[in-house]
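Fold the following.
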Amino acid sequence: DLLAERRVAAAVEDSAALRRGTVLGSLELERKVPEGTSAGLARAATDEAARGLAGRTPRELTGALGARVDGVARRGLAALGLIVPALVVLLALTPQRSWQAVRGLARPVHAYLGGDYPPLEVTPGSVEVLRGSPVLIRVRAPGRTEVTLRWVVRGAIPQERTQPLEDDETGFPFERVDADIEYWAETPDGARSERYVLSPINPLLVTDLTLQLSFPAHTGIPPEELREPLPPATLPVGTRIRILGRASRTLAEASLELPGAPEAGVVLTPVGAAFEGEWSPSRSGAYEWRFRDPEGEAPETAPAPFELTLVRDSLPALTVVFPGVDTVMPISHKQPLVVEARDDYGLDHVAVVAVQSGAGLAARSTTQRLPLDGARDVMARPLLDLSEWKLLPGDSVRYRVRATDNSPLAQTVESDEFLLRVPELAELRRTAGQELDSLAERLSRLTEQAGAEAEDSRDLERASQQREQAGGRMGFEERERMREALEGQQDVDGQLETMQNELQDLADQLREAGLADPELRKSMEELEALLESLLTDEMREQLQELSNSLDQSQASQAREDLSRLAEQQEEMRQRLEEALERFRRAAVEQDFRATTEEARELAEQERALADALREGDDPEKRAEQQEELAAEAEALQERMEALRERLEQLGEERASERVQQASERMEQARQAMQRAAQQAQQSPEQAGQSADQAAEAVDEGMREMEEAQRQMAAEIMERIMEALDRAAEDALELAERQSELRRQMRGADEETRARLRQEQSTVMEGARNLERGLSEAMQVNPAEGNPLTERATEARERTQQTAEALEAPADSRTSAAAAAEGAVDALNRLALAAMAASEQMSQNGQQSMSGEQVMEQLEQLAEQQSELLNQSEQMMPMQLGEQAMQSQMQQMAQGQQSVAEELGQLSDEPGAEEQAMGDLEALAQEAQAIAQLLQEGRLDREVMERQQDLFHRLLDAGRSLEKEEEEETEERESTTAGSYERRDVAPLAPELLRGPRYPLPSAEQLERLTPAERELVRRYFERLNRQASPPPGPGR
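As a prediction, the model looks like this:
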């Protein structure tokens, strides 16, 4: 302890007369300035202590302590003599160290103050190290045996560690450097190194990375952000990426690179520790990030590569769902399509492109677009409207559908091409029949539905009657069931209205398409009137009243409402059954007409082919054409068999037998056609004869069909007239009985009233049977039947009211007689109506109005023109030889000439020009011009278009008359008499001066009758005299 630092410092302070602690404090301040202490003041204090020691020798400073040390040293020298030999040996072995030891012994204070040892070497000194990384401090202290490392971590207490030296050096490891560490090394000899600092710095890291994605506008995808860690991204081509990020230290370089394709990446702009840039990638791949600090160092860990997959905008997907195949165009020339289109981002529109081209026809096309406004998956229903093209029967149009997406490139795909063929007249007739069959089938289902609704209403009525005794309002469940019954009836009415509209549209479309068939038009008008009669305003009002009173109905009122509803539904069911029978018959009649016309067309084609076979040109083609006609004959025979079965189901046995005969003729024709096809290449003359035989057989079959039609129509007319006659007689008989009962009602006692009630029930039942029989008989002719059935219904209701009046108290006798008077009048009116209808039918429906006559003639001429147009269409594709074609052209020219002549005669009729829309004379001249072209052998597209235009003008002329009839009112205006032609009056024929065979009753007898009865008798005798044969002459 003699040389301890404290004792030496105290000795120096005593020798220099300094305050105690001055030297020791200065030494500590020199080593380290405590925190919170001014470095300047500390330096000033140490300087002041140094000035106090200046100019003094070590001997003077050590004082008594130095003397003691010197004494110890002299004693040591004595001992040194003893150890000199050993020192010599040591000096020889380690001269430097041994010499230093000796000098230390000689000068101990000097050795304490530092002696002559080499300075300490400390590495790495003051450096910056990565935060959290390990550091090894190495200390080299030559001549020492150990070294102490002292350190202070900022914010912590000082620490130290002493380690022995090996080969003059040792190492002190630090596991982690997370804060500033001040350190220095010391050795026992008092040597001390400088103070060093380990400063931790953050590693170069990307601390924030964001990708802002802006997608192409057409994709409709909203902007998105991707953040570190970046997931693999699948992006549409055209996406723009804004890259934003920040590093832990200042950056000098930043980029995103695709290995092997440097042009595909993007160079980012560093701003301090931040970086940014915009990029529109053009290639897929795994892009790598590259960062460098100003020293060129890379990050310790860079972000993972950005895996990018670019997806190009795919082409739209397109499917034509309906019709999707080649098909026949609707008769309206408006083809509905169903198109399914999809796109990954959105569709701009679909377009239907239609093209018509062919021999002798200028190509024309149309494109109809349907916007889709960016829909991705759509079931579009575009309508291909070709009604302005004035297509002819047999024409064809090709169309395809395009779908275009909403991308900037407007990528487009097209469907396959499809064929639309305008139906020929035969197909139009078949279409009309099929539509009528379809309506009949729907009407059948509707009849079943109406029956079920009526039965449900009856069940509800019975349930309501059972609850009526309890009183109060209807229960919720009962009210809902009644509501459902009303809705069911309303649904029936809605379906009937829809069918009526469809029937009207069908009639218009058939006419516009070229099917001018007066019988079909009349049949459809009758069916429309029949459907309209089922939808009365009175029934609608009653249904609305029932619906409005549901919530307020008591049980008793509900039962009455249900009873009325059930009666309406039952009446509807009966009338639907009657309508169904008429629709089925109308469908069969149309089938009859279509089959007959097909036979007529087949006969014309076979005759034309017979002429071509005789010429012998191109026998292979003629044989092929003959085989096609044979196949048509076989198909026609099958349709005849189907028609025969339908006639049997309707009970038309005689017409069915005629159709069977026509089918047999068709079989003969088919066999003759097959022979002609076999003979075509060997013997043209025999082939022509066989074809003539086939044409004749087809003609015979057609005549059988026409005869069957006439026979069926005559039988129907006969049945109707018989029913009308029977109805007139029954109505007169019932009126007579009702009149007798009316006379007995005046002043009748109770016993008489009881008898009258029974007899009135018999009259009422007779009226009901009359109504039912008349309704069933008139199903085949609703146009005539509707007024009659209305009269019969009125008569039945009047007789029922009379029966109800008889049930009333005795003081109501006057009302019973009055009701009976109304029943007599209603029965008389029914008899008159039945007789008038029978008389009108016996005159074959002759019209008294000249406007209707003109309209019928124009319709007939339009039908003839339609047949000529159809014949032209059939001839063009057959490519007949010169002679055969000339023969056919002459026939068509004659037919066209006939139309021209009839138009000329019609235009000469007084008043015809004023009633028809258009100049009839101009129509006649156009028909004459077309006939002249046909006579010259011209049959091209222009001629056919002129034929079609003439056909439509004839239709328009007839339609104008029809509209005038509909718009005509009862208002009449007088006109001033004009000039007229005076003609001689011829004398009357003798038979006209002869009196009637059955003279009317006398005036006195007629006076006893009521005015209605007198009118009935007068009409009855007029009918007898019209039907009576001339009185027998002499000798007969």
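
Name the residues of the strand or helix carrying Thr309 that come out as buried.
Thr309 is part of strand 306-311 when elements are defined by DSSP states H and E. Within strand 306-311, the residues that qualify as buried are Phe306, Leu308, Leu310, counting by 16 or more other Cβ atoms under 10 Å. For every residue, glycine as well, the C-beta is placed using N, CA and C.

low-confidence ranges in the stretch 601-750 of the chain?
Residues of the stretch 601-750 of the chain meeting the criterion pLDDT under 70: none.

And the helices in it?
Along the stretch 601-750 of the chain, counting by DSSP state H, counting those that start in this stretch, helices occupy 619-649, 653-679, 684-745, 750-777.

Same question for the stretch 751-900 of the chain.
Under DSSP H, counting those that start in this stretch, the stretch 751-900 of the chain gives helices at 782-807, 813-842, 850-875, 882-908.

From Leu436, how far out is Val328?
18 Å (Cβ to Cβ, to the nearest Å).

Can you list phi and psi of the spatially closest residue to Thr187 that is not a sequence neighbour for me?
Distance criterion Cβ to Cβ, 6 or more residues apart in numbering; nearest residue to Thr187, sequence neighbours excluded, is Arg144 at 4.4 Å. For Arg144, the backbone dihedrals (degrees, to the nearest 10) come out as phi -100, psi 160.

residue contacts, Arg144?
Contacts of Arg144 were listed using Cβ atoms under 8 Å, 6 or more residues apart in numbering, and they are Tyr117, Leu165, Asp168, Thr187, Pro188, Asp189, Ala191.

now Met329
Counted by Cβ under 8 Å, 6+ apart, Met329 has contacts Gln335, Leu386, Leu391, Val397, Leu420, Arg421, Val422, Pro423.

Show me the beta-bridge partners of the fifth one.
The partner list for Leu420 in beta bridges (DSSP bridges) reads Thr327, Val397.

right, and it touches Tyr399 too?
Yes: Leu420 lies in contact with Tyr399 (Cβ atoms under 8 Å); the separation is 6.3 Å.

quick one: buried residues of stretch 335-348?
Here stretch 335-348 shows Gln335, Leu337, Val339, Ala341, Arg342, Asp343, Asp344, Tyr345, Gly346, Leu347, Asp348 as buried, counting by 16+ other Cβ under 10 Å.

Show the pLDDT at the last one.
When you say that, I think you mean Asp348. Listed pLDDT for Asp348 reads 93.

likewise the fourth one?
The predicted local confidence for Ala341 comes out at a pLDDT of 94.

And the nearest residue to it once chain neighbours are set aside, how far from Glu28?
Spatial nearest neighbour of Ala341, excluding adjacent residues (Cβ to Cβ, 6+ apart): Ala403 at 4.4 Å. Distance, Ala403 to Glu28, using Cβ to Cβ: 92 Å.

What of Glu707?
147 Å.

With Lys390 instead?
For Lys390, the distance to Glu28 (Cβ to Cβ) stands at 120 Å.

ok, Leu576 touching Leu446?
Yes: judged on Cβ under 8 Å, Leu576 makes contact with Leu446 at a distance of 6.2 Å.

phi, psi of the residue nearest to Ala341?
Per-residue torsions, Ala403: phi -130, psi 130 (degrees, to the nearest 10).

State whether Arg56 is indeed within a strand.
No: read with DSSP: H, G, I helix; E, B strand; the rest coil, Arg56 is coil and lies in no strand.

Could you find the closest non-adjacent residue to it?
Ala16 (6.4 Å).

on that earlier part again, run through the residues that contact the residue nearest to Ala341.
Ala403 neighbours (Cβ under 8 Å, 6+ apart): Pro316, Ala317, Leu318, Val339, Ala341, Asp343, Leu347, His349, Val350, Thr412, Val413.

returning to what we had before: just the buried ones among the contacts of Arg144, please.
Buried among the contacts of Arg144 by 16+ other Cβ under 10 Å: Tyr117, Leu165, Thr187, Asp189, Ala191.

Give me the lowest-pLDDT entry from those.
Tyr117 (78).

Let's test this: mean pLDDT of stretch 356-376, rounded?
So the average pLDDT for stretch 356-376 ends up being 80.

buried set for that stretch?
Gln356, Thr366, Gln368, Leu370, Leu372, Gly374, Ala375, Arg376.

So which of these are in strands?
Judged by DSSP state E, those include Gln356, Thr366, Gln368, Leu370 as members of strands.

The first one and Asp395, how far apart?
Using Cβ to Cβ, we find Gln356 at a distance of 7 Å from Asp395.

Same question for the third one.
Remark: distance between Gln368 and Asp395 (Cβ to Cβ) = 18 Å.
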